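> here is a sequence together with a model predicted from it:
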Amino acid sequence: MIVTSNAEQTSGSADPGKPWYASARYASWFAADTAGAVGVSLRTLALSLIGYAVSGSLTRAGWLATASLLAQQGMGVVGGTYVDRHDRKRLIIVNAFVGFLAWGSIAMLGLYGMLRFTNLLVIAVLASAVNGLLGSAADAMLRSIIDIRDYPWARSVNEGRDAVVNMAGGPVGGFLYAVRPWLPFLVSSVAHMVSGVAACRIRESQTAGEVTGDGADAGADEGAEAGCMVVGSGRTASFMGDFVSGWRWMLRRATVMRIVMAASLANFGINGVQYAIQLSLASRGVNAANIGLINAGICASMLLGSLLANRIGGSVPVGRSMCVAFAFICAVVVPMTLGDGYALILISNSLVGLPFPLINALLLGFVFAKAPERMQGRIASSLTAPAQALSAFCGACAGGLITAVGFRVAVVFFLAMLVVGALIVLLSPSIRAIPRAAAWSEVAL
């Protein structure tokens, strides 16, 4: 018999008699997370545009985006550990408040004609660094307010939300920028304010993190590995101890390592294909609107995939579903190795996005659901860091390959990475054996 801790068996927060999506805690959390996502999406395109407008240099505008991304990813490496050591609700509020001040300041400076590249760069980098440090608090909090059996549905709802926000964010942000260059930042600032207000309404859990009954010993061992204080034990760990424990937790679990490798290779392959498509179409003189349609196509496909994940996510065996999903991604990329027509690229690339919400909701959702609640931030950092590290080279690889050997051979290279990721899933008995969500609490990771 497998003994699980109390934190894994219950959500510790669900409103009695209500479905998970109707609970007050989840509604407040979802409102806060959605408002924050809207704020990020609306300003992403506008930041590059206003960077070019105030500097007059494409190079400096590019470095503005790069510096912001590096600050966010750099702080994200330790952000998960920081989130796990502090009250997550409070961190969501602080992150929202910083976003409100930072992007509101850019809006006001632009409104009064006082915005310069230097202060734009400083504010954007600082705000991105804070978001990298605290941004994982919202996702880390989800595990503590959703029962493990409902986790796949909650993740699929997030995937659908993200697809809609990303699909609409660029065009809406561009429209607002056309009206007034500072307007996207003002609306983004308001969205962050809404996020903070909604987060204030999240009720604190009375049972989250407690270990009782037969699970006490298991919880103590789990807490010791997590580097956190265990109820009644009086043990705490240093920041570095907590940081190391997140990586140790992942590295000690062969199944998690295989999942991370497969997901990282899939992320690298798909991002590489996206860069190859954009660079190839741009070099052929395709207009920006048609290039943007490529991104809209994959976002629309991800939205459809999230609806599918929400409908079947909790009822299908995860392992076998992942085998189909990874194989499907490889299959729909193959046509782009045979031709480079715009219509073929649009259709083939759009289909690539269909299985990703299912992968995130089920495969990665399984890891987060099985991970200790206290370690959600650290697990998020250790899972995403390899993918981010690989993705940093996607643009350079795509550009170099297209220049040297052309678009189709470049796609073959990225397809090879996808195939390796798929083989890891297909050949791993432990991944293939992952059951449907209702049985997650009965299996060990």
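It's in.
> what are the ranges of the helices in the stretch 101-250 of the chain?
Under the criterion DSSP state H, counting those that start in this stretch, the stretch 101-250 of the chain contains helices at 117-134, 137-145, 151-179, 183-200, 216-226, 239-251.
> what about the second one, average pLDDT?
Taken as a whole, helix 137-145 carries a mean pLDDT of 81.
> give me the angle between that helix and helix 151-179.
Counting by axes from the mean of the first three to the mean of the last three Cα atoms, to 10 degrees, helix 137-145 lies at 150 degrees to helix 151-179.
> elements contacting helix 137-145?
In terms of contacts (3 or more Cβ pairs under 8 Å, 6 or more residues apart in numbering; DSSP states H and E), helix 137-145 is packed against helix 24-55, helix 58-84, helix 88-111, helix 151-179, helix 376-391. Heads up, the C-betas are built off the backbone N, CA and C, glycines and all.
> just the third one next, same as before
In terms of contacts (3+ Cβ pairs under 8 Å, 6+ apart), helix 151-179 is packed against helix 24-55, helix 137-145, helix 183-200, helix 288-312, helix 356-358, helix 365-370.
> go through these and pick out the most buried.
helix 356-358 (a mean of 26; mean count of other Cβ atoms under 10 Å).
> which strands and helices lie in contact with it?
helix 151-179, helix 288-312.
> can you list contacts of that helix?
Around helix 356-358, the neighbours that count as contacts under Cβ atoms under 8 Å, 6 or more residues apart in numbering are 156, 159-160, 163, 270, 302, 305-306, 308-309, 313, 321, 325.
> could I get the helices and strands packed on helix 356-358 as JSON lines with distance to D139 and mean pLDDT?
Formatted as JSON lines, those follow (distance: least, Cβ to Cβ, whole Å; pLDDT from 0 to 100):
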{"stretch": "helix 151-179", "distance to D139": "8", "mean pLDDT": "77"}
{"stretch": "helix 288-312", "distance to D139": "16", "mean pLDDT": "78"}
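> redo these as a markdown table? Include distance to A276.
Shown next, in a markdown table, are the helices and strands packed on helix 356-358 (distance: least, Cβ to Cβ, whole Å):
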| stretch | distance to A276 |
| --- | --- |
| helix 151-179 | 20 |
| helix 288-312 | 11 |
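> L364: which of those helices is closest?
When the helices and strands packed on helix 356-358 are compared by Cβ to Cβ, helix 151-179 sits nearest L364, at 7.8 Å.
> next, the buried residues of that closest one.
Applying a neighbour-count criterion of 16 or more other Cβ atoms under 10 Å, one finds 151-167, 169-170, 172-173, 176-177 buried in helix 151-179.
> and A389, what does it touch?
No contacts exist for A389 under Cβ under 8 Å, 6+ apart.
> distance of it relative to L133?
In this view, A389 and L133 are 18 Å apart by Cβ to Cβ, to the nearest Å.
> ok, now V443?
In terms of Cβ to Cβ, V443 sits 34 Å off from L133.
> more crowded one of those two?
Remark: of V443 and L133, L133 carries more neighbours, 25 against 14, as counted by other Cβ atoms under 10 Å.
> re the thing from before, can you tell which of the helices of the stretch 101-250 of the chain is closest to S350?
Comparing those by their distance to S350 (Cβ to Cβ), the top pick is helix 151-179, with 11.8 Å.
> now the angle between helix 288-312 and that closest one, please.
For helix 151-179 against helix 288-312, the angle by the same axes, to 10 degrees is 160 degrees.
> now helix 151-179, how far from the chain's geometric center?
13 Å (Cα atoms, centre = their mean, to the nearest Å).
> repeat for stretch 161-181
Centre to centre, stretch against its chain (Cα atoms, centre = their mean), the figure for stretch 161-181 is 19 Å.
> now do that stretch: everything it contacts.
30, 34, 37-38, 40-46, 49-50, 53, 110-111, 183-184, 187, 292, 295-296, 299-300, 302-303, 305-306, 353, 357.
> show me how this structure divides into domains.
Annotated domains of the chain cover 19-204, 246-442 [automatic domain parsing].
> just tell me which of the ones you listed ends up closest to S238.
So among these, domain 19-204 is nearest, using Cβ to Cβ, at 9.9 Å.
> now the closest one, how far from the chain's geometric center?
Chain-centre distance of domain 19-204: 12 Å, with Cα atoms, centre = their mean.
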